[in-house]
Each structure stands twice: as structure tokens, then as C-alpha cells.
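Enquirer: I need the structure of the sequence given here:
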Amino acid sequence: MALVTVWLVTIWWLSFITAIALCVGSFLNAVIYRLPRDQSLRSPLWSMCPSCKHRIHWYDNIPILSFVMLRGRCRHCTVPIGTHYVVVEILMALVVLMLLDAFFIGHVRNGMSQSQFGLTDHLAADWPMLVAHVTLFACLLPMSIIDLEHYWVDIRFTNVATVVGFAMHTIWTPRHAAEWIRPSDSTAAMAIAAMIGLLVTWAWLKYTHLVDETLDDATEVSPTSETQKKRRLPPSLATPSRAAAWIAAALLGAKLFALLIDETGTADLRHTGRALLPLLFIFALIVWEFTAQRPADQEIADAIHEERHNARSMAFSELVLLSPALILGLIGWWVTAHADGGANPIGDTLHARIDVLGMRHWTPMLGFSTAASGYIIAGGLGWAIRILFTLIFGKEAFGTGDIHLMAAAGAVTGWQIVVLGFLLTCGLAILGWIVSLPFKKTRAIPLGPWLSLAFLTVVVYYDSIVAWPVVQRVIYLTNALLAENSQFPAMEGIR
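Expert: This next block holds a predicted model:
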């Protein structure tokens, strides 16, 4: 009876979570289609056929199932439905299941509940981290697809992910989460002080009406605005054949089956393989899409070339705008790092426990500072790369949209994930560029898809990656340089 209960509970959760993920993917299809065309997400509220503009009823809008029942054609005008709609739905489901696996089934991430009472108990204890990560990648997926097509990043996605990351970290501070990657007191103080500096800069820009031209652009548009308005191209992922959809569906079915038999104890499957196959599929899909020739390829190259004369002055002005955050951050770090061994009001505030609504071990400032340190350090890394290489090469080296993407990822996953993910991004982007060279020759590489894939890979394999000897030696040097003030895990077994 107990075994039957485990099977039923597992089937319920996997089915429910997969259905929700597929519905989210279906909504993202509307986002991907409408935003590049300057269409509102609120009007109309229903889906419609891009060809005949006829309203799509709910029974024709069920993810995957409706596509199969309609045989891939609109019910009213019989125009073929793009395969990319199904692929996006399945990709979202695969990503959610990979996160569920890493956190609650494969147990490959430290800091999560180790309860022996099954998936229900794990979700009850740590659902905020699943919600935060699902929100992040639900934002990164459409961002990446739009970036592939248009070379621009809408930071409204990153704003949503950032807010959810801060909220979920603030409420999620259970006792077992002590093994999650947390900031030291001085790092937390630095991050919070730097955020105050960013708010001061933003308020000044808002007051002087410069915010739309600097740090708070709704979108980062690389091509000229006039060209962007004239283009009405189909969204990315319009090129996959039906074979891509079948492969994606097969991977989804295999993933569900593997999670079911592993969670129920029927077989002990290795987490590495069942997470690697979807990642390889996403890599292949990005390369396939990258080979498509698009007008934006030349437009982005021309835009960067035209702006090269003002690139260095732009970098200096950005450095000036970021100076309040830099100064306050350094002050916050220095004050906390050099506090006397006795009284430490900043540390006491960060670790202050609040008992309310039955939330035991709730330390909201520690959770908030976890998101803040990830946001500030990850975003700071992006700004440092942008400003440094722009000054060196005399042309824009790194898009501000990608910086917002890194900061949002840091607020959810932690800055360590972003640092390792950025290093992996460089390798993935170069490999993808080399593979696509015979089909597409362009110097412009949209980094959004590669950053998203790299962050997902590191989130899933973080504890395994930091256990590699090479990474452990880098951690050792980091701990030594920061006087044991690093947020990386301590080294074990390194000679």
C-alpha cells in the first residue's frame, strides 16, 4: 500500500508540474510573438491565429494535444501552425523538470531539504527556490529567442525575475538552507550598500528625466529604431522541422519516466545522464537557429560600427553613474570587515531571527542579502566586462541587456552560478560559432541564449562542478585572497 501511495503521489506531482510548465510555455509563445511586433499582452487577452486573426478557443489551445489533434493546422484557415510553438512548450516543461530533478529528486544541490517523506515534503519545505528558478528561466527562454532573432533584450523580463528572486530568498531561510550558498556579513553589507547607491543614481536619473536613455531602458535595441519598427519578421524557432518537435517530445517522455522510476525507488538512475540529454538538445537547437540568415545580423554589426566613435566616452559616463554604488559598496564592506570581534550590529541585524506566522528560523535580512549579493556581484561583473573591454577596443563590447540578465540570474541563483556560467558561456558561444561557420558567417553573436544555457547547466550541476580539482584550486586561491571571506564552499581534500 505504501509503495502504491508513493507511485500515485509521484505521478500526481509530475503530471501537475508538467501541465503547469506546458501552459507557461504556451503563454510564452504569445509573448515571443507579440513583443517584437509592439503588440500588447493584454489586448486581446485571447490567442489568435497569426494568419486569419481568428480567435483560438480553449480546446484548440491545449499545449501539444491541440497541435496533434489539429494535425498542425489552424481549424479555420488550415494554414500550418509553426512547429516552434510546440518546441517552446516542451522546452519550458523540460527546464522545469530539470530543476525539480536537481532540487528534489536527484538531490544534487546542497541546501535543500533531505526529508525522507517524499516529493510532497520537499516541495512544502523548499518551494520558494523552485518558484524563483522557474520564474528566472521562464523569463530567460523568451528573452533568448527574441535575442536570437532581433539582437535585443527586453529587461522587463529581468525585472520580473529580479523581484521574484528577492521575494523568494527573503521568505526562504529554513535551518537546512544553511548549506545554500550564502553571503558573508561583509559581502552582504557591501551588496546592500551598493544597492542603495544604485537607487540614488536611479532617483537622480529619474529626476533629471535621463532614465529612459541610460540605466532604465525598457529594452535594449541594437538596430536602429526606425529599422526595428519596419521589420515584422516571424519569431525565432520558426525553422525547426517536425523532427525537432518529435525529439523534444521524446525527451520529455523519457525525462518523466526517468523521474518516476527514480523517485519511486524502482531503479537508481544517475542524475548526470538524464540532465545532460536535454541540455545537449537545447545546445543543438541554439546552433540550428543561429545558422539562419537574418537581417538583424548585419544591422547589429552596422550599429556597433557606427557607435564606435562614442564608445569610450559612453563607458566613462557609465562608470561615473555607477560610482555611488561602488563607493557605498566599498564603505559597507570595509566597515563590516574591520568591525571589532565583539559588537557587530550589522552582523546581528543580518542574522536577526523573526518568529511570525509559524515561520521558524526566519531570518529575512539574511535571505534578502543573499539575493542582493548575487544581484550586485553578478551585475558588477557584467558592467566591469562592458566598461573594460569597451575602453580597450573602442567599441561596445557587451550589451547592457546581458548585464541585466546576469544580475537577475545572480539575484535568483547566486553570483557563484553567474561567474561559473559566464566562463561556460564563453566556451559554448565559441563552440556554437565554430559549428555554425559553414552555414553563417557573422561576427555578431547573441549572448542571451548562451548565457541562459550556461546558467541552467551550472544550476543543475553546481555541486559537481565545484568539486572538480581545477575549480577547487581556484576556490582555494579565492578563499586565500579574501581572507576566508569567500562565499564559495570550503575546500576538502586538496593537497
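
Enquirer: Show the pLDDT at residue 136.
Expert: In this model, residue 136 is scored at 97, pLDDT.

Enquirer: Equivalent analysis for the one 5 residues further on, please.
Expert: pLDDT for residue 141: 95.

Enquirer: got the contact list for residue 365?
Expert: For residue 365, the contacting residues are 349-352, by C-beta atoms under 8 Å, 6 or more residues apart in numbering. C-beta here means a position set from N, CA and C on the backbone, and glycine is covered the same way.

Enquirer: where do the strands sit along the stretch 101-250 of the chain?
Expert: 152-154, 219-221 (DSSP state E, counting those that start in this stretch).

Enquirer: Lowest average pLDDT across these?
Expert: Across the strands of the stretch 101-250 of the chain, strand 219-221 gives the lowest mean pLDDT, at a mean of 45.

Enquirer: In the stretch 151-300 of the chain, where is pLDDT below threshold?
Expert: Flagging of the stretch 151-300 of the chain using pLDDT under 70 yields the residue ranges 209-241, 294-300.

Enquirer: Helices along that one, start to end?
Expert: For the stretch 151-300 of the chain, the helices defined by DSSP state H, counting those that start in this stretch cover 155-171, 185-207, 225-230, 242-263, 271-290, 295-306.

Enquirer: Find the helix or strand that residue 361 is a member of.
Expert: In the assignment (DSSP states H and E), residue 361 maps to strand 359-362.

Enquirer: domains of the chain?
Expert: As assigned by automatic domain parsing, the chain contains the domains 46-81, 105-239+294-481.

Enquirer: Quick check: which of those is buried the most?
Expert: For these, the largest average neighbour count (mean count of other C-beta atoms under 10 Å) is found in domain 105-239+294-481, namely a mean of 19.

Enquirer: can you list the domains of the chain in JSON lines and add distance to residue 265?
Expert: Formatted as JSON lines, the domains of the chain follow (distance: least, C-beta to C-beta, whole Å):
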{"stretch": "domain 46-81", "distance to residue 265": "29"}
{"stretch": "domain 105-239+294-481", "distance to residue 265": "10"}
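
Enquirer: So which of the ones you listed is nearest residue 92?
Expert: Nearest to residue 92 among the domains of the chain is domain 105-239+294-481 (6.2 Å), distances taken as C-beta to C-beta.

Enquirer: Okay, now the unreliable bits of the stretch 1-150 of the chain?
Expert: Within the stretch 1-150 of the chain, the stretches with pLDDT under 70 are 1.

Enquirer: the helices in it, which residues?
Expert: 2-34, 65-69, 83-100, 119-150.

Enquirer: With distance to residue 315 as extra columns, can I get the ones you listed in a markdown table?
Expert: As requested, the helices of the stretch 1-150 of the chain are exported to a markdown table (distance: least, C-beta to C-beta, whole Å):
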| stretch | distance to residue 315 |
| --- | --- |
| helix 2-34 | 32 |
| helix 65-69 | 47 |
| helix 83-100 | 35 |
| helix 119-150 | 22 |
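
Enquirer: Compare the ones you listed and report which one is nearest to residue 418.
Expert: Closest approach to residue 418 among these is made by helix 119-150 (11.3 Å; C-beta to C-beta).

Enquirer: That closest one vs helix 271-290, what angle?
Expert: Inter-element angle recorded for helix 119-150 and helix 271-290: 20 degrees (by axes from the mean of the first three to the mean of the last three C-alpha atoms, to 10 degrees).

Enquirer: Off-centre distance for helix 119-150?
Expert: Computed by C-alpha atoms, centre = their mean, to the nearest Å, the chain-centroid distance of helix 119-150 equals 7 Å.

Enquirer: Now do it: which elements does it pack against?
Expert: helix 2-34, helix 83-100, strand 152-154, helix 155-171, helix 271-290, helix 400-413, helix 447-465 (3 or more C-beta pairs under 8 Å, 6 or more residues apart in numbering; DSSP states H and E).

Enquirer: Direction included, what does the third one pair against?
Expert: The strands that strand 152-154 pairs with in its sheet are strand 219-221 (antiparallel) (by DSSP bridges).

Enquirer: Quick check: the gap between residue 316 and residue 372.
Expert: 27 Å (C-beta to C-beta, to the nearest Å).

Enquirer: got it, and residue 286?
Expert: The gap separating residue 286 from residue 372 is 31 Å, by C-beta to C-beta.

Enquirer: What of residue 123?
Expert: For residue 123, the distance to residue 372 - C-beta to C-beta - is 26 Å.

Enquirer: cool, residue 94 as well?
Expert: 31 Å.

Enquirer: In contact with residue 370, which residues?
Expert: Applying C-beta under 8 Å, 6+ apart, we find residue 370 in contact with 169, 180-183, 188, 414.

Enquirer: go with 7 Å
Expert: Contact analysis of residue 370 by C-beta atoms under 7 Å, 6 or more residues apart in numbering lists 169, 182-183.

Enquirer: looking at this, it is in a strand?
Expert: No. According to DSSP: H, G, I helix; E, B strand; the rest coil, the state of residue 370 is helix, so it is not within a strand.

Enquirer: Spatially nearest residue to it (excluding sequence neighbours)?
Expert: Leaving aside its chain neighbours, residue 370 sits nearest to residue 169 (4.9 Å; criterion: C-beta to C-beta, 6 or more residues apart in numbering).

Enquirer: So that neighbour is in contact with residue 369, correct?
Expert: No. Using C-beta atoms under 7 Å, residue 169 is not in contact with residue 369, being 8.6 Å away.

Enquirer: For the nearest residue to residue 262 once chain neighbours are set aside, list the residues it contacts.
Expert: Sequence neighbours aside, residue 269 is the residue nearest to residue 262 in space, at 4.8 Å (criterion: C-beta to C-beta, 6+ apart). Neighbour list for residue 269: 258, 261-262 [criterion: C-beta under 7 Å, 6+ apart].

Enquirer: Generate a ChimeraX selection restricted to the buried subset of those.
Expert: The buried subset of the contacts of residue 269, as determined by 16 or more other C-beta atoms under 10 Å, is captured in ChimeraX by this line:
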select :258,262
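
Enquirer: any idea which of the contacts of residue 269 is closest to residue 104?
Expert: The shortest gap between residue 104 and any of those belongs to residue 262, at 11.1 Å (C-beta to C-beta).
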